[in-house]
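Novice: Sharing a model prediction with you, sequence too.
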Amino acid sequence: MEVEPVEVKETKGEAIAKKLEDIRALEETNPQQAVKLYKDVIGLDDPEGEIVSQKTQAIYALGELYAQKGLHKDLRNLIVDTRPFFTTIAKAKTAKILKELLNILGRIPNTAKLQAEFCKETITWCEEEGRSFLKQRVQTRLASLLLEMKQYKEALALISRLVKDVKKIDDKILLLEISIIESQLHLKLKNTPKAKGALTAARSAANAIYCPPSLQAEIDIQSGVLCSEEGDFKTAYSYFFEGFEGFDTSKRPVKAAQCLKYMLMAKIITNNTSDVYTLINTKGGVKYAGVEIDAMKAIADAHKDRSIHKFADVKKKYAKELGADWFVSAHLHTLQDDLLVQNLLRIIEPFERVQIKHVAKLIDLPTPLVEAKLSEMVLEKKLNGILDQGSGNLIVFQEIPKDKTFKAGLDTISELGSVVDKLYAKAQRALV
């Protein structure tokens, strides 16, 4: 007797999953139709919650499609339109979806203001719906956006409130994220002690829990930046390297490339330009090669040649890439300033008295700029001399070797005084 094959009925979820695969195939050929079909899937009735996973995939896919096309307004509207769906699923799932959609929106360039406005609207919605956990997550994102937009006062006020609220619920991961943002904020405000304090709090929170590699990398890069501010570039390089590996593991190419840039900058500042070329040609360097890395290589070349003009040309050529990052921009200014000082000292070295115009001609820079820099060098005691503005000359004084006799004499007198005091004390005890 033959057994008839049992026909397996396809579930609703499996049918929607197949439909999503067909829609993905349409993204390149007919994106408008793909958008319409994704919206149809998201709008399907699901009273029993059978296709929550498929609807979530449709939301992500539509968000990615909008991001690829640069349709930031449509992406923002998608997040607003999915709020009814959020009321039908778990709050933790809502937080995860919303965080991912905000990350997708963040990939579109020049949308910081739009993201901040949307975050404020979402915070209001969270308050109306009583979603305090999600509200704190969105407030954290808003604080980072305000920091990016250089609205430091508003960001600091928001961070202060957030720290108090999150400490009450003892959410270590969220507190860790907030502490990192707080440290970055204080550093931008030139308050290094508070920046260090916030970073210490972040490390303490990270030690108490499992810290994701991406967050640990954020701690490392911030530690490196703080070490750089104190002039300890060797330690800073170690932190940047740890951060680079963390972001590379977490598949965050933008942050990994940023760490690589900082690593190269640390090597340039410590006069290890040969290491710059080695780093660029490593597996990691080749992986994140691009215009920004080319700009750093050009800076290394100019610094190696000690050419102030080549340095200026590189800054002009890669103005967008080098000026976009405040860390790189600030240290480039210091590098250029040091290079100018070194070139001026080398030119002045053979002279005891020289015209400022002649120095400007030799270095091929405008006379007012050279005069201003020489004045600064004299005031900072980098140059032992004076500027005679009446005759337009620089008078360089010969370095007089310090006479050690006076110091030795003072030290001897001090020691004799100490001996006399001890003898007097001993004599007083003997009399008693």
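Specialist: Okay, I see it.
Novice: what packs against whichever strand or helix holds residue 157?
Specialist: Using DSSP states H and E, residue 157 sits within helix 152-169. Using 3 or more C-beta pairs under 8 Å, 6 or more residues apart in numbering; DSSP states H and E, the elements in contact with helix 152-169 are helix 132-148, helix 172-188. Placement of C-beta: from N, CA and C, glycine included.
Novice: Now do the worst-scoring helix or strand of the chain on mean pLDDT: distance to the chain's middle.
Specialist: Within the chain, no helix or strand scores below helix 12-29, which has a mean of 79 by mean pLDDT, DSSP states H and E. Counting by C-alpha atoms, centre = their mean, to the nearest Å, helix 12-29 is centred 39 Å from the centre of its parent chain.
Novice: got a list of what the spatially closest residue to residue 196 that is not a sequence neighbour touches?
Specialist: Using C-beta to C-beta, 6 or more residues apart in numbering and skipping residues adjacent in sequence, the residue nearest residue 196 is residue 226, 6.2 Å away. Contacts were defined as C-beta atoms under 8 Å, 6 or more residues apart in numbering; by that measure residue 226 touches 183, 187, 192, 195, 196, 199.
Novice: any idea of the mean pLDDT for the helix or strand in which residue 226 is found?
Specialist: Using DSSP H and E, residue 226 sits within helix 213-229. For helix 213-229, mean pLDDT is 91.
Novice: and if you look at stretch 297-314?
Specialist: The average pLDDT within stretch 297-314 is 86.
Novice: quick one: it to chain centroid distance?
Specialist: 24 Å.
Novice: Can you tell me what sits against it?
Specialist: Under the criterion C-beta under 8 Å, 6+ apart, residues 264, 267-268, 273, 276-277, 280, 295, 317-318, 322, 332, 335-336, 339-340, 342-343, 363-365 lie in contact with stretch 297-314.
Novice: for the chain, what are the low-confidence residue spans?
Specialist: Within the chain, the stretches with pLDDT under 70 are 1-10, 400-401, 432.
Novice: for the lengthiest helix in it, the distance to its chain's centre please.
Specialist: In the chain, with assignment by DSSP state H, the single longest helix is helix 404-431. Averaged C-alpha coordinates place helix 404-431 at 57 Å from its chain's average position (C-alpha atoms, centre = their mean).
Novice: And stretch 231-244, by the same measure?
Specialist: Distance of stretch 231-244 from its chain centroid, counting by C-alpha atoms, centre = their mean, is 13 Å.
Novice: How about residues contacting it?
Specialist: Residues outside stretch 231-244 that contact it (C-beta under 8 Å, 6+ apart): 216-218, 220-221, 223-225, 227-228, 255-256, 259-260, 262-263, 266-267, 269-270, 284.
Novice: Please, a ChimeraX command that selects the buried ones among those?
Specialist: Here is the ChimeraX selection string for the buried members of these, based on 16 or more other C-beta atoms under 10 Å:
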select :216,217,218,220,221,223,224,225,227,228,255,256,259,260,262,263,266,267,269,284
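Novice: Next, the contact list for the nearest residue to residue 161 once chain neighbours are set aside, please.
Specialist: Sequence neighbours aside, residue 139 is the residue nearest to residue 161 in space, at 8.0 Å (criterion: C-beta to C-beta, 6+ apart). Listed by C-beta under 8 Å, 6+ apart, the contact partners of residue 139 are 119, 123, 158, 161, 162.
Novice: and what of residue 279?
Specialist: The neighbourhood of residue 279, defined by C-beta under 8 Å, 6+ apart, consists of 260, 263, 264, 267, 285.
Novice: Same list (those residues) but as a markdown table, adding secondary structure and distance to residue 25.
Specialist: Shown next, in a markdown table, are the contacts of residue 279 (DSSP: H, G, I helix; E, B strand; the rest coil; distance: C-beta to C-beta, whole Å):
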| residue | secondary structure | distance to residue 25 |
| --- | --- | --- |
| 260 | helix | 36 |
| 263 | helix | 41 |
| 264 | helix | 42 |
| 267 | helix | 47 |
| 285 | helix | 36 |
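Novice: Of those residues, which pair is most distant in space?
Specialist: Among these, the pair separated by the greatest distance (C-beta to C-beta) is 267 and 285, at 11.8 Å.
Novice: still on that earlier bit, following element in sequence after the least confident helix or strand of the chain, please.
Specialist: Next helix or strand after helix 12-29 toward the C-terminus (DSSP H and E): helix 31-42.
Novice: for that following helix, which positions count as buried?
Specialist: 34, 35, 37, 38, 41, 42.
Novice: So which of these is the closest to residue 380?
Specialist: Looking at these and their distance to residue 380, the nearest is residue 35, at 61.7 Å (C-beta to C-beta).
Novice: From residue 353, how far out is the closest one?
Specialist: For residue 35, the distance to residue 353 (C-beta to C-beta, to the nearest Å) stands at 76 Å.
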